[in-house]
Structures are given as C-alpha cells and as structure tokens.
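Sequence isn't available, so here's the structure alone:
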C-alpha cells in the first residue's frame, strides 16, 4: 500500500495510498484525482491518463512498451521525458513515495 | 433554495450515471445527487467484461470511483434497488424497496438490455448474454466449463466474446445471418479483415445463415436448427443486439422512439427529466435526424452535457462519436459516423495487420476506421474535431504521420 503524490498544475499536492497490483490510473480515479480522465478505462488507447513522472523516479519504473510509446505521441499536453500513461504503471511496494505531476490538460 | 431542497436523481449506475456523478461533484453539487443502481456493485467499467475479466478468473470489476469518494462528494447511493415508477406530477421516483425519492430534476441513464432470441425461454442454464458484471461472472464460469461455444450474432459483443473464448483455447463457432460481420457498424473493408483474422485464429465463422428453430429440454438449449440442419449446443452465447431500456420513461408517458427522445440539451419531452447514454435518442448535431449510440464515449460526453443542462447552462451536445472494440488480437477503433455514401481511401499502417480506412463525402473527411493503428485513430479524432480534411492522397501516405495535418 505505497503512498503516492500527485502534484497538480497549480502546485497543489494530493496524496493517496494505493493498493498493490492495481494501476496508477485506477488508484487515482478511485479517489477522483482531478485531471486523470482515463476515458477508455485502462485499455491503453486514449492517452487521457497522461502523467509526468517526477525526474527522480523516471529510471526506477519499468520502461514503457511500444504501444504506450505510440500513445505518448498523442497526448494533449506536451510530451516530456517523464511522460507515462498512468494505466500502464502497476503499483508495487517499490513505488513507496512515488511523485507524479498532472498535466494541464488531457484532451 | 438549499441544495437538499432541489435533489437531482440519476437512475442507472453505468458509465453515463457514473460520469454524471463525477461532473456534478466537480461542480460542487454532490450533496444534491442520488444515484439509483439496480445492481449491487458500485459503478464499474464495462468494456473489460468481454475481455480481461472474461479471460482471467482472478480479475475483479474495476470501479469508476471507490465508495469513500461518493461519501466525500455527498452523493447518496441506492444500490441493489431498481427504480420501478416515475410520478411526474409529484416529481417522485419509487424504488423496488418502497423508497420514494423526490426530485427537482431527474436523469434517466438506464442503458440498454440484451435482445433475446424470439420464443426462447429465459433462464436456460447454457444460454448467456453479456451486459453487466453478473452476466460476465456467469459467462466466465460457463466458458471455463464449456467444451465448445456457439455465438449467435457477429456484432461487437459476440465477436469480442468469441475472440476471448478462442484465446482461451476453446472451439468457437460464430453464426451470423448477414452476409458479412459487423454489417451495420463498419465498412466492408474492415468487415472482411475482421472475418479473415477470426478465421485465421481458428474461429468457425458462418455467414448468411438462418436459424430456423431450437430445441429446449431439461432447462437447457439442446440444439439449434441452422439452415435446416440440427446443430447440438454446448454453450450458447446470444450477441444479437440490445434494446434501449425505456420502460420507466414509456410508462411515465415520455416520448420514446428507439430510445427516450431528447433535445440537444438532452431534455426529454418533460423538461425536468433528462436522458443520457445508451437509452436516449438524440438529435445529430448539424443533421436532421435522431440517433441512438451504445458507446462509452457517448455516455461520458452526454453526462458532461447533462451536467451543464442541470446547472442551467446551454451546451448543446455535439461531441464527435468514437468507439473501440478489442477482439482477440484485433483492435478496431472508429471516429466519426460512417456516411451512407462517400468515397473510401486506405491508409496503410506499420504492419500488414494495421491500416485505416478514411471516409470522405466530397472533399470532407467524415469518418476514420482503424485496425491496430491507435495513433492514427487518435490523430483522426483530432482532425475530425478540428474539421480538417487533408487530401486523400496525402492522408494515405504512410510515410507522413497524420499528426502533421492536425
């Protein structure tokens, strides 16, 4: 049950305790983190759960697969080095303290 | 008025109802909201039910929001309790439990129900439909125990179930009365590709068949008569379409015609009652006809429009329709509505199993269907939403990303 922080575009920080095994998107939408839209419900085809993983964490996560990389070409907000789809990040105990930033827009 | 004196009652906890809860909570109106769910689970995502959920016994339903979110938003949930009658004069809804809820504004998000096979009794042990989580849980165990599976209907649900069952190694037959698959929903090019892919995966797809009758015995469907031939049945899946759930609306005297008829602000013939999602028939923006769509996109976007209407803001519904279906290894995505007449152009994808069909009316791009090409789908949506129409020759040059036209 790692603690995860979402930093909103206005600098506001929202913390949540995520359940192991769910996706970062599910953890966020369960508590209604604003800005995580997730239109397709985790099928990896809409790019509306885009997040910027904090630079300190980028290298610590499993790298995105080819489908996710293609989708990251299609995000509404600018793609940056830490860009990921939250639905493709699986929560594990190793993510205790993860920090991600919510983009300005998702569509 | 205080918030509690003007309750908003939402009937139906599908995608439309759940999304409307989200939009109203965001607008600070959660304390006025009552969500009535016939099913007991909290609102959940339905697309995985025919795919990941069906495939993996360890998979649980994926909730839209956790229970605590509804409490924090001030939303009152009525779970496992169906709405049974509307009293428009009194502005009340009666639930199966006997509870009577007063409303200032009511939203019908009642969805659609599976069409049955005419004359076939309900409750047969080896006959399945798929609309909700209870159906999916039952079907998952039925597929696990089945030696072979017959799917009646080559539409999206039928083919998704067929693809999943085949991926689990089961022998699968699909029976379709039309001469091609997905006949009303996709172009012939896509229908052909889908057919070839399923056949290559080992699914026995029969087109143009006529089901003339059936044999029922001992609470089971024993056989179907297909083209005059008797075919014994092990597990029978019905994927022969859905009908709008409009019983409450009809009984209350609201206009219905293949769905609850609404205006562009999604108000029914009673302005205090809205209808959204699969159950409603809405005016096509810029067109002269009404349309009913069964899709997550339509449910979500209509919920946003309804949230505005409920707050007295006029934001006519004009969202671009889009849809997706995953069938085994096939990923179909559509943006826009396929025109009755137009020209088609094929844009190759990265592999032979990946391409898009672009539909033009005159020089205007109106619809794009994509197979295993999610990037081209997303960029097509951006083009269609912006009203941009790159010339077909340029748009079908695989070396040029569609992104460059956005």
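Noted; the coordinates are in hand. In this text, all values refer to a predicted model and were calculated from it rather than measured experimentally.

how's chain B carved up into domains?
Taking automatic domain parsing as the domain assignment, the ranges for chain B are B:3-50+B:61-113+B:243-310, B:116-240, B:329-405.

Say whether chain A is contacted by the last one.
Yes: using Cβ under 8 Å from any Cβ of the partner chain as the criterion, contacts between domain B:329-405 and chain A involve B:331, B:333, B:374, B:375, B:377, B:378, B:379, B:403. Where C-beta positions appear, they are placed from N, C-alpha and C, glycine not excepted.

Chain A against chain B: which residues are in contact?
A:26, A:29-32, A:34, A:39-47, A:67, A:70-71, A:73-74.

Of the residues you listed, keep whichever come out buried.
In the residues of chain A next to chain B, burial by neighbour count holds for A:26, A:29-32, A:39-47, A:67, A:70-71, A:74, counting by 16 or more other Cβ atoms under 10 Å in any protein chain shown.

Get me the contact residues on chain B for chain A.
B:22, B:25-26, B:45, B:47-48, B:62-66, B:68-69, B:73, B:296-297, B:300, B:324, B:326, B:331, B:333, B:374-375, B:377-379, B:403.

low-confidence ranges in the chain?
Since you didn't name a chain, this refers to chain A. For chain A, applying pLDDT under 70 flags no range at all.

hmm, I had chain B in mind actually
B:1-4.

where along it do the helices fall?
B:15-26, B:52-55, B:67-73, B:133-145, B:156-167, B:188-200, B:247-251, B:296-310, B:374-386, B:392-395 (DSSP state H).

can you list the ones you listed in CSV and add distance to residue B:119?
Below are the helices of chain B laid out as CSV (distance: least, Cβ to Cβ, whole Å):
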stretch, distance to residue B:119
helix B:15-26, 32
helix B:52-55, 28
helix B:67-73, 42
helix B:133-145, 21
helix B:156-167, 20
helix B:188-200, 28
helix B:247-251, 21
helix B:296-310, 32
helix B:374-386, 40
helix B:392-395, 48
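
Quick one: these as JSON lines, columns for distance to residue B:80 and mean neighbour count too.
Compiled in JSON lines, these are given as follows (distance: least, Cβ to Cβ, whole Å; neighbours: other Cβ atoms under 10 Å in any protein chain shown):
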{"stretch": "helix B:15-26", "distance to residue B:80": "15", "mean neighbour count": "25"}
{"stretch": "helix B:52-55", "distance to residue B:80": "20", "mean neighbour count": "20"}
{"stretch": "helix B:67-73", "distance to residue B:80": "14", "mean neighbour count": "16"}
{"stretch": "helix B:133-145", "distance to residue B:80": "11", "mean neighbour count": "16"}
{"stretch": "helix B:156-167", "distance to residue B:80": "25", "mean neighbour count": "25"}
{"stretch": "helix B:188-200", "distance to residue B:80": "38", "mean neighbour count": "17"}
{"stretch": "helix B:247-251", "distance to residue B:80": "17", "mean neighbour count": "17"}
{"stretch": "helix B:296-310", "distance to residue B:80": "21", "mean neighbour count": "24"}
{"stretch": "helix B:374-386", "distance to residue B:80": "37", "mean neighbour count": "23"}
{"stretch": "helix B:392-395", "distance to residue B:80": "50", "mean neighbour count": "15"}
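
Out of these, which gets nearest to residue B:84?
Among the helices of chain B, the nearest to residue B:84 by Cβ to Cβ is helix B:247-251 (7.8 Å).

Pick out the residue of the stretch 301-406 of chain B closest to chain A.
residue B:378 (4.0 Å; Cβ to the nearest Cβ).

which non-adjacent residue is nearest that residue?
Nearest non-adjacent residue to residue B:378, counting by Cβ to Cβ, 6 or more residues apart in numbering or on different chains: residue A:74, 4.0 Å away.

how near is the one you found to residue A:107?
The gap separating residue A:74 from residue A:107 is 10 Å, by Cβ to Cβ, to the nearest Å.

now swap in residue B:294 and tell me
On the measure of Cβ to Cβ, residue B:294 and residue A:107 end up 21 Å apart.

try residue B:371
23 Å.

quick one: the strands in chain A?
Along chain A, counting by DSSP state E, strands occupy A:3-7, A:13-17, A:50-53, A:83-85, A:99-101.

With mean neighbour count added, can I get those strands in CSV?
CSV is the format used below for the strands of chain A (neighbours: other Cβ atoms under 10 Å in any protein chain shown):
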stretch, mean neighbour count
strand A:3-7, 18
strand A:13-17, 12
strand A:50-53, 24
strand A:83-85, 24
strand A:99-101, 19
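
Format the ones you listed as TSV; extra columns: distance to residue B:384.
Listed next are those as TSV, based on distance: least, Cβ to Cβ, whole Å:
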stretch	distance to residue B:384
strand A:3-7	31
strand A:13-17	34
strand A:50-53	21
strand A:83-85	23
strand A:99-101	30
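
closest one to residue B:179 among these?
Taking these one by one with Cβ to Cβ, strand A:83-85 is closest: 39.3 Å.
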